[in-house]
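1. one predicted model, sequence on top.
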There are 2 protein chains.
Amino acid sequence: MKSIVIEKNILKNNNEIASKIRSALNDKGIYTINMIGSPGSGKTSVLEQIIKHINRKFNIAVIEGDLYTTKDAERIENQGINVVQLNTEGACHLDANMIEQALDCIDINNADLLVIENVGNLVCPASYDLSEDSKILVMSVTEGHDKPLKYPSMFQKAEVLILNKIDLVRYTNFDIGDFYKDVKSLNEHIHIFEISCTSGKGVQKLCDYLEGQIMSKGVNR
Amino acid sequence: MKSIVIEKNILKNNNEIASKIRSALNDKGIYTINMIGSPGSGKTSVLEQIIKHINRKFNIAVIEGDLYTTKDAERIENQGINVVQLNTEGACHLDANMIEQALDCIDINNADLLVIENVGNLVCPASYDLSEDSKILVMSVTEGHDKPLKYPSMFQKAEVLILNKIDLVRYTNFDIGDFYKDVKSLNEHIHIFEISCTSGKGVQKLCDYLEGQIMSKGVNR
């Protein structure tokens, strides 16, 4: 596993770099996901479940963003996945310049799916295009149903919302009805999947959806 | 309840403003807390518990930081507390300039305790001095025991760590031993309180500690 410490280079325009990367990923037919969510929402656990379900059918590459540690990348590498660690050294989000550096360190030529796991943060990553096809927002029921209106930008920009730790909902005062109503008021077309990485509930349905997206993207290769 | 939309003014130096505010708060003997934590860690619920326990003994004023809504400030105002809402309009942390603006809108002359609830974010708020006596980090067990090493800055800078939602620990794989070991490796002197806002467990102990801090600060008034 390679590990990169990000050099601070904010001179290049993020969107310009993202556009260049997107063009290369499109040429290769690689479906790219930007996974975003609060610390502890379960991004890495969700990714482990996705890998377990679709790893036999598709080639997966992963870019793991984190402030300092390589903990998450180690979890992914343990599943035999091609992964590179991006350490932001305290910066609160990934940007396209970091992704460009990461792609120099990982072979994606055979990849069908590239997953970028962002730094745990429900605010800042919403503003940075990483050249993804889809922003997937991971949120856990233990965070509370009031989060969509309090952090609207992320809910507005995500194509997919994974409502994680659904097995714990019975122990909380999370109001599913209010939650759906608020989310849909911000983003009518968002796809919502309720899942539990502990019980496995909902994972198959999420992976069926992702497989469809990966195949659509790769069809012209 | 007053509500302020923050004007973007990053020209004044944060620490310079914080130092000026700190001097004024010290003159008044007001103990000041900067509450920090991930979205959904339970900052507002913890604050509601603190208010319920110490409101009869001490005068409390609250500055509620949030991206857009007034949801949290309404919860605090419902408890009869003097509160001002700071909306950052998308900015991911509070800064001292915002606190200076908020203090123009709230009467703290009789306050013993000023609580500033920061924007939900485990990364960015660590860097901004808001003139507090104490940074209180709220983290819930459902976020996972790996968070201290992954987000070290906040754990290094906090004087107090509230491990919230302890009633849910039995439904998770949260390892209390590993958690304490990692936290203490980052910050030997941090005070840790395990609490549940649902069952009330640990709240009295936390409030006893805070009452001691408030009285020490106010003793020379």
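-> Everything's here; your move.

2. A:Asp27 belongs to a helix?
-> Yes - counting by DSSP: H, G, I helix; E, B strand; the rest coil, A:Asp27 is found in a helix.

3. need phi/psi at A:Ser140.
-> Main-chain torsions, A:Ser140, degrees, to the nearest 10: phi -100, psi 150.

4. list the contacts for the nearest residue to it once chain neighbours are set aside?
-> Leaving aside its sequence neighbours, A:Ser140 sits nearest to A:Lys165 (CB to CB, 6 or more residues apart in numbering or on different chains; 4.1 Å). Glycine gets a C-beta too; all of them are placed from N, C-alpha and C. Neighbouring residues of A:Lys165 by CB atoms under 8 Å, 6 or more residues apart in numbering or on different chains: A:42, A:140-142, A:196-198, B:142.

5. those residues in helices, which ones?
-> Secondary structure from DSSP state H places none of the contacts of A:Lys165 in helices.

6. out of the residues you listed, which is most surrounded?
-> A:Ser140 (30 neighbours; other CB atoms under 10 Å in any protein chain shown).

7. isn't it right up against B:Thr142?
-> Yes - the criterion here is CB atoms under 8 Å, and A:Ser140 meets it with B:Thr142 at 6.5 Å.

8. okay, and the common contacts of those two?
-> Listed contacts common to A:Ser140 and B:Thr142 are A:40, A:165, A:168; contacts here mean CB under 8 Å, 6+ apart.

9. got the residues of chain A near chain B?
-> Applying CB under 8 Å from any CB of the partner chain, we find that chain A lies next to chain B at A:38-40, A:66-69, A:71-72, A:90, A:92, A:119-124, A:140, A:142-144, A:146-147, A:149-153, A:165, A:167-168, A:171-172.

10. selection in ChimeraX covering whichever of these are buried, please.
-> Typed into ChimeraX, the line below selects the buried ones among the residues of chain A next to chain B, using 16 or more other CB atoms under 10 Å in any protein chain shown:
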select /A:38,39,40,66,67,69,72,90,92,119,120,121,122,123,124,140,142,143,144,146,147,149,150,151,152,153,165,167,168,171,172
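
11. what distance separates the start and the end of stretch A:177-196?
-> Its start and end residues considered, stretch A:177-196 measures 19 Å (CA to CA, to the nearest Å).

12. ah, wrong one, I meant stretch A:62-72
-> Stretch A:62-72 end-to-end distance (CA to CA) = 11 Å.

13. with stretch A:64-80 instead?
-> 14 Å.

14. and what of stretch A:56-75?
-> Taking CA to CA, the first and last residues of stretch A:56-75 lie 18 Å apart.

15. next, the buried residues of that stretch.
-> Quick answer for stretch A:56-75 (16+ other CB under 10 Å): A:58-67, A:69, A:72-73, A:75.

16. enumerate every residue touching A:Glu117.
-> Neighbouring residues of A:Glu117 by CB under 8 Å, 6+ apart: A:35, A:43-44, A:47, A:62-65, A:72.

17. just give me the closest of the shared contacts of A:Ser140 and B:Thr142 to chain B.
-> A:Gly40 (2.7 Å; CB to the nearest CB).

18. if we can go back for a sec, mind putting the shared contacts of A:Ser140 and B:Thr142 into TSV with distance to B:Glu211, secondary structure and pLDDT?
-> Output for the shared contacts of A:Ser140 and B:Thr142, formatted as TSV (distance: CB to CB, whole Å; DSSP: H, G, I helix; E, B strand; the rest coil; pLDDT from 0 to 100):
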residue	distance to B:Glu211	secondary structure	pLDDT
A:Gly40	30	coil	96
A:Lys165	35	coil	98
A:Leu168	33	helix	97
